[in-house]
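Peer 1: Need a 3D model of the following:
(2 chains)
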Amino acid sequence: MIGRNWIIATALLACVPLAVSSLYILHVLITLLIWAFIYTGWSLMGRFGLVSFGHGAFMGIGAYVVTLLWNLQGISPWIGIPLGMLLAVAVAVLIGYPCFRFRITGHYFALVTLALTEVVRSIIIALRDTTGGSLGITPASALKDGATWSLTALQCSDKRVFFYAALVCWLVGIWIWQRIDQSMMRHAMQAISQEEDAAASVGVNVTRAKLTITVISAAMTAFGGALYGQYQQYINPETVASLGVSLQMVFAVIAGGMFVKLGPTVGAVFTLLLTEGLRVGIGNQINSLDSTIYGLMLVLFIIYMPDGILGKLMEKRRAGPRAA
Amino acid sequence: MEIFDIFLLETVLNGVLFGGVLALLALGLNLIFGVIDVVWICYAELMMIGMYTVFYLTKTFGWNLFAAFAAAIVIVSVLGVLLHVLVIRPVLDSEPINQLLVTGGMLTFMQAAATLAFGIEFRNVGVSMPSLVLGEISLPWSRISAALTALVAMVLLWLFLKKTYLGTAIRAISQDRGIMPLVGVSPARIYLTTSAIGGALAGLGACLLVLQYDVHPAIGLSFGPLTFMVCVLGGLGNMLGGFIAAFIFAQLISIGGFYFHIEWGYVMAFAFFIVMMFVRPQGILGGKS
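Peer 2: Numbering: from 1, shown residues only, chains lettered A, B, ... in the order given. Predicted coordinates:
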């Protein structure tokens, strides 16, 4: 299942912290891997036509549950992360089940999930006494008295540790994508995304197939959110739980390619190179230039290259039907 | 207890007026939704540009307020046409979700471009209108005039759709897109007209909002999601339904904000939307499709 190229590529990636001493490059790579994991989670639904704007909510739940439990109750992220994922999954089922049961698809599904993101974001802001509201929140530091890491708090000042954690997490994400791609569920979901009634008529349990994929996707996104919070040591509603984050996921996945395994990762590379390139090239003062270009490119991508960068490249190489 | 009720009444009345504004915002979006079958996610961002137009024309160039209003309506209307020609038209035949996503891209683009061009400061046109005082209740005139304008605009739009040839063509095309070319109506032209009217209504919304709120690049995010939820809740393309939905939403936010905190009002409104989507996905007044 995992070819030689993969092992070599992973080994090369794993060597990066040994070869590169620049903290900046390491930081960019960690961010890249975390986002690539989240985008891969989003694409599990997106590739089957379930365009969700609700992943900001799942990511926010993951990040906030972990941080709040740690800050308020002193509960270790080791327990907090599964709890956050569980809550995200519960919310996903609560919203997903009726949506799929009542055949809410396309535009309507996107709007319901968008409302979900707004609900979660508004709740975080409304509970500003505990969550810090729009100002965000920082996990209480466990690194006192010169300690450089704390296993219970999942905090660590050494970026290399996070790099390996993010690398493993990303690999697991790719593995999940592949498992689903090779399973019967993929065929079921593909049939559903093309013609729901026809799929149902040949015995596909539409609601169950969609719900399974949604649960996996939500759990991954919540986990990614928690990891993001632990790494950045700061979260706020705009960066983890807003419509903006949801759109960012959609954009990156579409840019990279929604229908291919490494598409979301390519999307993460692409968007991050764009942001960092602009930051290095022009400087910090023009802080919304990258979003301006993102927005414009999202439009252009959908009009001219709906299969994304990697999708287009692979299509060219194979010159066959697209690997949908 | 007495004084408490007065405040509650004021809250309810304010909610009614806010509902009027929301109804107006939903009107243009609803028209486009019904006719072109596309959701302009970036609708509120068009309004934001209209608000900046009014701000700069009055503050920097010293225009009369009403001249600036007229200019804003025209400019946003032209933007609506451009949006349709440059962005919507190329994806009209692709999957419906792509149409949603391109306008999502436009949302990001317009918001960020406005930040680049105008900065993140909150700007106010500085027109202060008195409040209507009825006993112990005071209602700002800016809200009253906005709600009244919304009502007038809705009646005018209704008359236009019912009484004119163009209006009839627009209604016909929203019922059957395929058959209209056969009877000599060009959908492309109707789409352009609809986009122009939709844009003009967004411009009108901008004029009313600019009297009540400060302009900043992210203001679209406060109104955009609400606006299209009002449309969906009312039943797509159903203007009366949109009106009713606007008032329900406004009351939820207003009363929720009165008893708890304004964010809880939004939580209630959005949660209500989600539940209603499950109970009546075709909208409050929508027929079975």
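Peer 1: Who are the contact partners of whichever residue of the stretch 151-289 of chain B sits closest to chain A?
Peer 2: For the stretch 151-289 of chain B, the residue closest to chain A is residue B:263, as judged by CB to the nearest CB, at 3.4 Å. Bear in mind the C-beta positions are built from the backbone N, C-alpha and C, glycine included. When contacts are counted by CB atoms under 8 Å, 6 or more residues apart in numbering or on different chains, residue B:263 touches A:122-123, A:125-126.
Peer 1: switch the cut-off to 6 Å
Peer 2: Contacts for residue B:263 (CB atoms under 6 Å, 6 or more residues apart in numbering or on different chains) come out as A:122, A:125-126.
Peer 1: what about the residue of the stretch 51-200 of chain B found nearest chain A, neighbour count?
Peer 2: Nearest residue of the stretch 51-200 of chain B to chain A, counting by CB to the nearest CB: residue B:109, 2.7 Å away. Per other CB atoms under 10 Å in any protein chain shown, the neighbour tally for residue B:109 reads 22.
Peer 1: State the distance from the closest residue to it other than its chain neighbours to residue A:302.
Peer 2: Of all residues not flanking residue B:109 in the chain, residue A:295 sits nearest, at 2.7 Å (CB to CB, 6 or more residues apart in numbering or on different chains). Noted for residue A:295: a distance of 11 Å to residue A:302, by CB to CB, to the nearest Å.
Peer 1: Now the strand or helix carrying residue A:9: buried residues?
Peer 2: Using DSSP states H and E, residue A:9 falls within helix A:4-19. Neighbour-count burial for helix A:4-19 flags A:10, A:13, A:17 (criterion: 16 or more other CB atoms under 10 Å in any protein chain shown).
Peer 1: same for it, what does it pack against?
Peer 2: On a contact count with 3 or more CB pairs under 6 Å, 6 or more residues apart in numbering or on different chains; DSSP states H and E, helix A:4-19 meets no helix or strand.
Peer 1: Helix or strand next in line after it, which one?
Peer 2: Immediately after helix A:4-19, counting by DSSP H and E, sits helix A:23-46.
Peer 1: Could you see whether chain B lies near the next helix or strand after that following helix?
Peer 2: Under the assignment DSSP H and E, the closest C-terminal helix or strand after helix A:23-46 is helix A:55-68. No - applying CB under 6 Å from any CB of the partner chain, one finds helix A:55-68 out of contact with chain B, separated by at least 10.8 Å.
Peer 1: Keeping just the C-alphas, turn helix A:55-68 into CSV.
Peer 2: Below are the C-alpha coordinates for helix A:55-68, written out as CSV (Å, rounded to 0.1, in the frame of the first residue of the first chain):
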residue,chain,number,x,y,z
HIS,A,55,-15.1,22.9,9.5
GLY,A,56,-14.2,26.2,11.2
ALA,A,57,-16.6,25.0,13.9
PHE,A,58,-15.0,21.6,14.3
MET,A,59,-11.5,23.1,14.4
GLY,A,60,-12.6,25.7,16.9
ILE,A,61,-14.2,23.0,19.1
GLY,A,62,-11.0,21.0,19.1
ALA,A,63,-8.8,23.9,19.9
TYR,A,64,-11.0,25.5,22.5
VAL,A,65,-12.0,22.4,24.4
VAL,A,66,-8.4,21.4,24.9
THR,A,67,-7.2,24.8,26.0
LEU,A,68,-10.2,25.5,28.2
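Peer 1: just the angle between it and helix A:23-46, please?
Peer 2: Interaxial angle of helix A:55-68 relative to helix A:23-46 (axes from the mean of the first three to the mean of the last three CA atoms, to 10 degrees): 130 degrees.
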